[in-house]
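**Q** I'll drop the sequence and a predicted model, then ask my questions.
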2 protein chains.
Amino acid sequence: MISLSSIYQARDRVKPYVVNTPLVRLQNLDESAGCKVYAKLENMQNTKAFKLRGAMNKILSLTDAEREAGIICSSSGNHGQAVSFAAKLLGIRATVVIPETAPAFKVEAIRKHGAGTEFCTVDDRFIVTENLAREHGYTIVPPFDDELIMAGQGTIGLEIMDEDVPFDHVLVPVSGGGLIGGVSTALKASGFEGRVTGVEPEKLPRYTKSLEAGEPVQVESAKTIADALVVNRPGTSNFEVVQKHVDDVLNVSDETMLRAQKMMLMEGKILAEVSSCIGLGALLDRKLDVSEDETVCLIISGGNLGFEQLELLEDIEY
Amino acid sequence: MISLSSIYQARDRVKPYVVNTPLVRLQNLDESAGCKVYAKLENMQNTKAFKLRGAMNKILSLTDAEREAGIICSSSGNHGQAVSFAAKLLGIRATVVIPETAPAFKVEAIRKHGAGTEFCTVDDRFIVTENLAREHGYTIVPPFDDELIMAGQGTIGLEIMDEDVPFDHVLVPVSGGGLIGGVSTALKASGFEGRVTGVEPEKLPRYTKSLEAGEPVQVESAKTIADALVVNRPGTSNFEVVQKHVDDVLNVSDETMLRAQKMMLMEGKILAEVSSCIGLGALLDRKLDVSEDETVCLIISGGNLGFEQLELLEDIEY
């Protein structure tokens, strides 16, 4: 299981490449949210998502021989962008395996940092990644189920502690568990006295089900608007951390996430991915037991979206 | 001329009602802007614009008899919202005089805080305001040409100084001069060593022309997309302050403001009024003499816009 010291080591390692993102008070959301709202803005991170923290920590921990051979990952999203950007900064050759169904703007975002791309079907992406890695001696940079990745994401928790706001709650979007695994470890092992709560899409309750079962279980794949939260089974190394450090996991519908995204934009003045607004969604639906005097920190995990995606919000009322 | 101590007094006075807004680093804009970009986010202020600072300082300085009689202002925009909101908080009767041409969402925003509204033609608004004030004994809360208003806006400058970032430049949107008058006084009288630069719409160069002339001159009224920056003559009390403390005034086209607004949204992840993006516009057009190692603070003056206004950005390339 990852340790607090591994997260401090990650912080030292990634410091030259990763931004200490703003943590802002969004009092214009308080009335709708039913509490005092703060947001940790990873949509303002380099590559516009928290994923750079973990990817950078992993890549900076490679041996010289591994760096020389190159790296590979499978992701059409923020992890792919992070790996491509990190590789460029460090002068390492990177390949990103992308499902043929990925939208053009995501492919473009990965390519602009210089990574090579390989296309395959969605179902084949992991086997293609492994085959290419074996063939060329590439190191795989996994999206979440890895202790160095998780420790990198955990640096967000250290930054939250540094702000010295005595938060009653921290709400974290959950997919495979890399972000919440790292953040919950950083907070709880640092003596954080509030609660750490994960929030996952209603259609993909993999952590809710796995925590009930006491072990990682796979839920049926389902289409959700939260395109950054589509993992259907907790990572093995992430699950044990979540089981230990996370107080609760809630779930939110696609409809509520869209309402939350529009409110974050129009009232909070922050543009975030719909997946990143899931925590605000939990507040809007009164899923968290919180009073209006309590402070809640929302981790806004990313902000990569195309302008045309704003059309989805046109008819949404919040 | 306003003094630094009047701004400190304003800060003490408005403190319970006004938020110390976030000042954030937006490194994702650096490459396009040609410098290190920071933003002071008055779009996250209560009523979503800096105008509350000045209005609150003015209203809190009224005598009991003046409070009892009520207040009035002429504005369909952020000043009208600020006066309405302040009056509600303080239990004072307020009337806002609105041109018939004002869009419905602005009228609604003023009414929701509880102010009464009076409609008239654009040309008649000041005379209607004065007549109503005389008739009912209302105190007029002017939008900019007033020392208490200017001192209130100046509290932004104190907050910028508190952040201890040694800025090379602070860029301020300019209309009548209330914001830049207050901010430049707060900065320069506090020993700020950088430059304070105003930015006004190319179509309404009232400060550029007035500074050339050495006295306030009126420029021809013109339609600009910057609907919060439409004053065509500097305020008398504001002009003398700007003349003393402001280093330069630049101007920016409507087209560039739209590009800047879209970039602020998609790259900076901040939703701001088009008028508030004029400072970024000056950077995009390389109107400021700045090097890439220098730090620039943009004052993002407001964020009141309807979702439908985002359509204007659809075909803008940045």
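**A** Structure received. Numbering: from 1, shown residues only, chains lettered A, B, ... in the order given.

**Q** got a pLDDT number for residue A:74?
**A** Residue A:74 carries a pLDDT value of 94.

**Q** actually residue A:112, not the one I wrote
**A** Model confidence at residue A:112, given as pLDDT, is 92.

**Q** The helix or strand bottoming out on mean pLDDT in chain A: which residues count as buried?
**A** Least confident helix or strand of chain A, by mean pLDDT, DSSP states H and E, is helix A:104-111 with a mean of 89. By 16 or more other Cβ atoms under 10 Å in any protein chain shown, the buried positions in helix A:104-111 come out as A:106, A:107, A:109, A:110, A:111. C-beta: built from backbone N, CA, C; applies to glycine.

**Q** What count of nearby residues applies to the residue nearest to the first one when sequence neighbours are not counted?
**A** Of all residues beyond its chain neighbours, the one nearest residue A:106 is residue A:76 (5.0 Å), with distances taken as Cβ to Cβ, 6 or more residues apart in numbering or on different chains. Applying the criterion other Cβ atoms under 10 Å in any protein chain shown, we find 24 residues in the vicinity of residue A:76.

**Q** Run through the residues that contact residue A:76.
**A** A:98, A:99, A:102, A:103, A:106, A:107, A:110 (Cβ atoms under 8 Å, 6 or more residues apart in numbering or on different chains).

**Q** and which of these is nearest to chain B?
**A** The shortest gap between chain B and any of those belongs to residue A:106, at 14.5 Å (Cβ to the nearest Cβ).

**Q** what about the closest residue to residue A:17 other than its chain neighbours, distance to residue B:116?
**A** Spatially, and ignoring its direct neighbours in sequence, residue A:17 is nearest to residue A:56 (5.2 Å; Cβ to Cβ, 6+ apart). Note on residue A:56: its distance to residue B:116, by Cβ to Cβ, to the nearest Å, is 57 Å.

**Q** Touching, residue A:185 and residue A:5? I think so.
**A** No. Residue A:185 is beyond contact range of residue A:5, at 10.6 Å (criterion: Cβ atoms under 8 Å).

**Q** Of those two, which one has the most company?
**A** More crowded of residue A:185 and residue A:5, by other Cβ under 10 Å: residue A:185, with 27 against 10.

**Q** same for the strand or helix carrying the more buried one, what does it pack against?
**A** Assigned by DSSP states H and E, residue A:185 belongs to helix A:178-189. Where contact means 3 or more Cβ pairs under 8 Å, 6 or more residues apart in numbering or on different chains; DSSP states H and E, helix A:178-189 is packed against helix A:4-14, helix A:147-162, strand A:169-173, strand A:195-201, helix A:236-245.

**Q** most tightly surrounded among the ones you listed?
**A** Of all those, strand A:169-173 has the most neighbours on average by mean count of other Cβ atoms under 10 Å in any protein chain shown, namely a mean of 28.

**Q** What residues of stretch A:310-318 count as buried?
**A** Buried residues in stretch A:310-318, counted by 16+ other Cβ under 10 Å: A:310, A:313, A:318.

**Q** ok now it, how far from the chain's centre?
**A** 24 Å (Cα atoms, centre = their mean, to the nearest Å).

**Q** Using CSV, list the CA coordinates for stretch A:9-26.
**A** C-alpha atoms of stretch A:9-26 as CSV (Å, rounded to 0.1, in the frame of the first residue of the first chain):
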residue,chain,number,x,y,z
GLN,A,9,8.8,11.9,-2.8
ALA,A,10,6.4,12.2,-5.7
ARG,A,11,6.0,15.9,-4.9
ASP,A,12,9.7,16.5,-5.0
ARG,A,13,10.1,14.6,-8.2
VAL,A,14,7.3,16.2,-10.2
LYS,A,15,7.8,19.7,-8.9
PRO,A,16,9.5,21.2,-11.9
TYR,A,17,6.8,20.0,-14.3
VAL,A,18,3.5,20.2,-12.3
VAL,A,19,1.7,23.3,-11.1
ASN,A,20,0.4,23.8,-7.6
THR,A,21,-3.1,24.5,-8.8
PRO,A,22,-5.4,27.2,-7.3
LEU,A,23,-7.8,26.3,-4.5
VAL,A,24,-10.6,28.8,-4.7
ARG,A,25,-13.7,29.7,-2.7
LEU,A,26,-16.9,29.6,-4.8
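
**Q** what's it in contact with?
**A** Stretch A:9-26 has contacts (Cβ under 8 Å, 6+ apart) with A:36-42, A:44-46, A:52-53, A:56-57, A:60-61, A:86, A:89, A:148, A:151-152, A:154-156, A:158-160, A:163, A:165, A:268, A:270, A:297, B:19, B:22, B:24-25, B:27, B:41, B:44.

**Q** Just the buried ones among those residues, please.
**A** For the contacts of stretch A:9-26, a neighbour count by 16+ other Cβ under 10 Å gives the buried set as A:36-42, A:44-46, A:52-53, A:56-57, A:60, A:86, A:148, A:151-152, A:154-156, A:158-160, A:268, A:270, A:297, B:19, B:22, B:24-25, B:41, B:44.

**Q** In strands, which of these fall?
**A** A:36, A:37, A:38, A:39, A:40, A:41, A:297, B:24, B:25, B:41 (DSSP state E).

**Q** how about these, which pair is most distant?
**A** Within these, A:36 and B:25 form the most distant pair, 23.7 Å apart (Cβ to Cβ).

**Q** which one is residue A:195 nearest to, not counting chain neighbours?
**A** Nearest residue to residue A:195, sequence neighbours excluded (Cβ to Cβ, 6+ apart): residue A:247, at 4.2 Å.

**Q** Would you convert the contacts of residue A:76 into a markdown table that also reports distance to residue B:141?
**A** Below are the contacts of residue A:76 laid out as a markdown table (distance: Cβ to Cβ, whole Å):
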| residue | distance to residue B:141 |
| --- | --- |
| A:98 | 57 |
| A:99 | 58 |
| A:102 | 54 |
| A:103 | 50 |
| A:106 | 50 |
| A:107 | 54 |
| A:110 | 53 |
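
**Q** Return the member of those nearest to residue A:68.
**A** When those are ranked by distance to residue A:68 (Cβ to Cβ), residue A:110 comes first, at 22.1 Å.

**Q** correct me, but the closest one touches residue A:84?
**A** Yes. Using Cβ under 8 Å, residue A:110 is in contact with residue A:84, at 4.9 Å.

**Q** list the residues that contact both of the two?
**A** residue A:96.

**Q** Find residues that contact each of residue A:185 and residue A:5.
**A** Counting by Cβ under 8 Å, 6+ apart, nothing touches both residue A:185 and residue A:5.

**Q** Quick one: name the residues of the stretch 151-300 of chain A near chain B.
**A** Contacts of the stretch 151-300 of chain A with chain B, taken as Cβ under 8 Å from any Cβ of the partner chain, map to A:262, A:265, A:266, A:268, A:269, A:270, A:271, A:272.
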